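Asks: Have a look at this prediction, sequence included:
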Amino acid sequence: MGTSAVFILPAPAAAAHTRLSLPGRHVLPLRTFLSPPVNSGVWPKPVTKSPPFHFRPAAVAGGVELLQDAGAAAVVMAGAYALVSTFNYLTQRNLIEQSLSRKLVHILSGLLFVGFWPIFSTSTEARYFASLVPLVNCLRLVIHGFSLATDEGLIQSVTREGKPEELLRGPLYYVLVLILCALVFWRESPVGVISLAMMCGGDGVADIMGRRFGDLKIPYNQQKSWAGSISMFVVGFVISIGMLYYFSVLGYFKLDWICTIKRVALVSLVATVVESLPTTEIMDDNISVPLTSMLVAYLSFGYQFYH
């Protein structure tokens, strides 16, 4: 038959096993000739060149989120600094009492911090960028609390007696709780929102109302008044519900409001009772109130908000 090749074309089902016989060569499957081999030695290896620029949508999105979170942290930090500076100015001009200034900073700074959480991105790193704001304030309190530097405005704005060492107690515990709530609960659970609402709003208003209308004292603690405790329960409850509604409107929480109101009322009641106890010398309210609120809220709301 000479040197001509003979092809036997089988049915399609057996096409993958068709072989080609060539004189003086190995027997190769037919499909070898239907597609170029990779580094087979029969044909040269194809040369591929990568385009000079690779478009990576995920990388671009990550860069945008990074810029958004960095910008949001800068905005919140500037807002916190402006808040403290404003009340410091009002105190120095005798336009507001030092005790009232301190409590208004206590109330507003934490609530504004939580209120700005939605401007951060949906990335997993967003909570860490948000935590930078109280972390910077934490370092600032430590530096001035140990008198490594002097900032009379800061001391007058957030301390009771104007002593630098006071910065290492209540104010420091306050910013540590802010960091804890941002890192642990963030926008994924109502627990952190409720805890900060009770610590900032409830406890802050309790002190203001107690100083002005606190003639009737609680029997088991003469340092606390009925006016202060009632105010803490009512205001802490209202602010908690308001913040939860705010986050639910933005789509972070989906709540059964009848059950939520009952649970928040329970958290407010327990936190108010704990705040009224004569334990301030043992444990600061900026620790006892938020930790109690976290525990009760966590047990009340359960695991439904955790992914």
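Replies: Nice, I can see it.
Asks: In terms of helices and strands, where is the nearest residue to residue 268 once chain neighbours are set aside?
Replies: Leaving aside its sequence neighbours, residue 268 sits nearest to residue 237 (C-beta to C-beta, 6 or more residues apart in numbering; 4.2 Å). In short, each C-beta sits where N, CA and C put it, glycine included. Here residue 237 sits within helix 226-249, counting by DSSP states H and E.
Asks: ranges for the helices of the stretch 51-200 of the chain?
Replies: For the stretch 51-200 of the chain, the helices defined by DSSP state H, counting those that start in this stretch cover 57-92, 98-115, 126-145, 152-158, 170-184, 190-196.
Asks: Out of those helices, which gets the lowest mean score?
Replies: Sorting these by mean pLDDT places helix 152-158 lowest, at a mean of 79.
Asks: Mind giving me the packing neighbours of it?
Replies: helix 57-92, helix 98-115, helix 126-145 (3 or more C-beta pairs under 8 Å, 6 or more residues apart in numbering; DSSP states H and E).
Asks: Return the list of helices and strands in contact with the last one.
Replies: Counting contacts by 3+ C-beta pairs under 8 Å, 6+ apart, helix 126-145 is packed against helix 57-92, helix 98-115, helix 152-158, helix 170-184.
Asks: Please produce JSON lines containing those helices, extended by distance to residue 229 and mean neighbour count.
Replies: Formatted as JSON lines, the helices and strands packed on helix 126-145 follow (distance: least, C-beta to C-beta, whole Å; neighbours: other C-beta atoms under 10 Å):
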{"stretch": "helix 57-92", "distance to residue 229": "25", "mean neighbour count": "15"}
{"stretch": "helix 98-115", "distance to residue 229": "16", "mean neighbour count": "20"}
{"stretch": "helix 152-158", "distance to residue 229": "23", "mean neighbour count": "20"}
{"stretch": "helix 170-184", "distance to residue 229": "19", "mean neighbour count": "21"}
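Asks: my read: residue 126 touches residue 69, true?
Replies: Yes - counting by C-beta atoms under 8 Å, residue 126 touches residue 69, with 5.2 Å between them.
Asks: how about the closest residue to residue 178 other than its chain neighbours, what does it touch?
Replies: Using C-beta to C-beta, 6+ apart and skipping residues adjacent in sequence, the residue nearest residue 178 is residue 134, 4.0 Å away. For residue 134, the contacting residues are 113, 175, 176, 178, 179, 182, by C-beta atoms under 8 Å, 6 or more residues apart in numbering.
Asks: Equivalent analysis for residue 75, please.
Replies: With contact taken as C-beta under 8 Å, 6+ apart, residue 75 is in contact with 116, 119.
Asks: likewise residue 228?
Replies: Applying C-beta under 8 Å, 6+ apart to residue 228 gives the contacts 206, 207, 209, 210, 214.
Asks: so which of the helices and strands packed on helix 152-158 comes closest to residue 285?
Replies: helix 98-115 (10.2 Å; C-beta to C-beta).
Asks: helices or strands up against the closest one?
Replies: Under the contact criterion of 3+ C-beta pairs under 8 Å, 6+ apart, helix 98-115 touches helix 57-92, helix 126-145, helix 152-158, helix 170-184, helix 190-196, helix 203-213, helix 226-249.
Asks: Of the ones you listed, give the one that comes closest to residue 272.
Replies: Taking C-beta to C-beta, helix 226-249 is the member of the helices and strands packed on helix 98-115 nearest to residue 272, at 4.4 Å.
Asks: quick one: buried residues of the very next helix or strand once past that closest one?
Replies: The helix or strand immediately downstream of helix 226-249 is helix 257-276, counting by DSSP H and E. Within helix 257-276, the residues that qualify as buried by neighbour count (16 or more other C-beta atoms under 10 Å) are 260, 263, 264, 267, 268, 270, 271, 272, 274, 275, 276.
Asks: does residue 157 really touch residue 99, like I thought?
Replies: No - using C-beta under 8 Å, residue 157 is not in contact with residue 99, being 11.1 Å away.
Asks: From residue 72, how far out is residue 65?
Replies: 10 Å (C-beta to C-beta, to the nearest Å).
Asks: let me fix that: residue 63
Replies: As for residue 63, its distance to residue 72 is 15 Å (criterion: C-beta to C-beta).
Asks: Quick check: closest non-adjacent residue to residue 287.
Replies: Nearest non-adjacent residue to residue 287, counting by C-beta to C-beta, 6+ apart: residue 173, 5.1 Å away.
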